[in-house]
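Visitor: what follows is a protein structure lacking sequence information:
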């Protein structure tokens with residue numbers, strides 16, 4: 001058995017709708033798929049329905065963006081199979097509102113340089129819980145300013161040094177983990193190599209705040225993967241892998257199923 005436990009859809013910043021993603025996962029031989037859209041679980045009911053239709057095990061999930069007050073860096077936190085999502089909902093809703101407000105402000109800044117409107121962006125964000133960078137970039141691509149929405153032009157036009165950037169206000173790590181704990185889910189730090197989060201991982205392991213760790217991910221280096229596996233083994237954490245699938249909204253191509261979770265660890269999640 002194998003599963004891809006990190007996938008995004010048009011419900012957040014992915015380009016692939018659930019109606020295409022789930023039959024595709026079945027077609028490539030996956031046994032299970034986790035839907036982990038950014039700061040929303042709005043796609044989970046349809047995902048479960050489609051999973052039954054295509055005989056594919058769907059693991060409900062969400063990926064929350066948080067801030068580590070110790071370092072000031074972003075942290076992405078996965079929650080799988082929350083038994084009672086209610087405690088998580090206020091954080092998800094507030095983060096989505098904060099993100100939409102920041103992206104709307106970016107569009108206003110962009111409109112001084114490019115003939116872009118919110119209506120252009122909403123063509124791509126209409127099914128999403130919020131507005132994401134990918135929606136802005138697809139709108140600019142449709143206007144002909146780039147043929148690579150997630151690439152160098154993205155950094156130039158809306159990146160942190162672009163002059164158009166507006167930061168999103170995110171909750172702190174402790175608040176997110178507390179809500180996930182109350183929701184009764186499996187908590188994991190996503191791609192700890194991307195944001196240099198290994199010190200945070202060690203702190204959370206020491207306080208028994210997480211039950212899993214994303215060891216296999218395209219943005220984890222070999223060294224980080226090795227370190228994650230050692231920590232997971234020492235503390236009996238569930239070892240997960242996921243492609244962080246975004247369809248075409250990705251700087252580097254990573255087809256669905258490029259990074260997976262093995263059968264033994266998948267069984268631990270299914271038994272939770």
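Guide: Perfect, thanks for sending it. Bear in mind the structure is a predicted one, so any value in this text is a computation, not a measurement. Residues are numbered from 1 along each chain as shown.
Visitor: pLDDT at the nearest residue to residue 131 once chain neighbours are set aside, what is it?
Guide: With Cβ to Cβ, 6 or more residues apart in numbering as the criterion, residue 131 has its nearest non-adjacent residue at 3.9 Å, and that residue is residue 103. For glycine as for every other residue, the C-beta is placed from the backbone atoms N, C-alpha and C. Among the per-residue scores, residue 103 holds a pLDDT of 98.
Visitor: mind listing what's buried along the strand ranked longest in the chain?
Guide: Secondary structure of the chain per DSSP state E: the longest strand is strand 57-67. Neighbour counts using 16 or more other Cβ atoms under 10 Å place 57, 58, 59, 60, 61, 62, 63, 64, 65, 66, 67 of strand 57-67 among the buried residues.
Visitor: ok, now stretch 192-201?
Guide: Quick answer for stretch 192-201 (16+ other Cβ under 10 Å): 192, 193, 194, 195, 197, 198, 200, 201.
Visitor: count of residues packed around residue 104?
Guide: Residue 104 has 14 neighbours, counted by other Cβ atoms under 10 Å.
Visitor: please, which helix or strand holds it?
Guide: Here residue 104, judged by DSSP states H and E, is contained in helix 89-110.
Visitor: who does that helix touch, helix- and strand-wise?
Guide: The contact analysis (3 or more Cβ pairs under 8 Å, 6 or more residues apart in numbering; DSSP states H and E) places helix 89-110 against strand 57-67, helix 118-125, helix 133-142, helix 152-158, helix 173-183.
Visitor: domains for this protein, by residue range?
Guide: Listed by automatic domain parsing, the domain ranges of the chain are 2-92+169-270, 93-158.
Visitor: which one of those is the most hemmed in?
Guide: domain 2-92+169-270 (a mean of 19; mean count of other Cβ atoms under 10 Å).
Visitor: how much space between residue 132 and residue 65?
Guide: 11 Å (Cβ to Cβ, to the nearest Å).
Visitor: between these two, which contacts overlap?
Guide: residue 38 (Cβ atoms under 8 Å, 6 or more residues apart in numbering).
Visitor: can you pull the contacts of the spatially closest residue to residue 262 that is not a sequence neighbour?
Guide: The spatial neighbour of residue 262 that comes closest, neighbours along the chain excluded (Cβ to Cβ, 6+ apart), is residue 2 at 6.5 Å. Contacts for residue 2 (Cβ under 8 Å, 6+ apart) come out as 29, 30, 31, 32, 257, 260, 261, 262, 263, 266.
Visitor: tell me the contacts of the first one?
Guide: By Cβ under 8 Å, 6+ apart, the contact list for residue 29 reads 2, 257.
Visitor: confirm it sits in a strand?
Guide: No. Using DSSP: H, G, I helix; E, B strand; the rest coil, the secondary structure at residue 29 is coil, not a strand.
Visitor: related to what we said a few turns ago, from residue 132, how far out is the residue nearest to residue 131?
Guide: 7 Å.
Visitor: what pLDDT does the model give the nearest residue to residue 139 once chain neighbours are set aside?
Guide: Computed as Cβ to Cβ, 6+ apart, the closest residue to residue 139 that is not its neighbour in sequence is residue 120, at 4.1 Å. We note a pLDDT of 98 for residue 120 in this prediction.
Visitor: same deal with residue 37?
Guide: 98.
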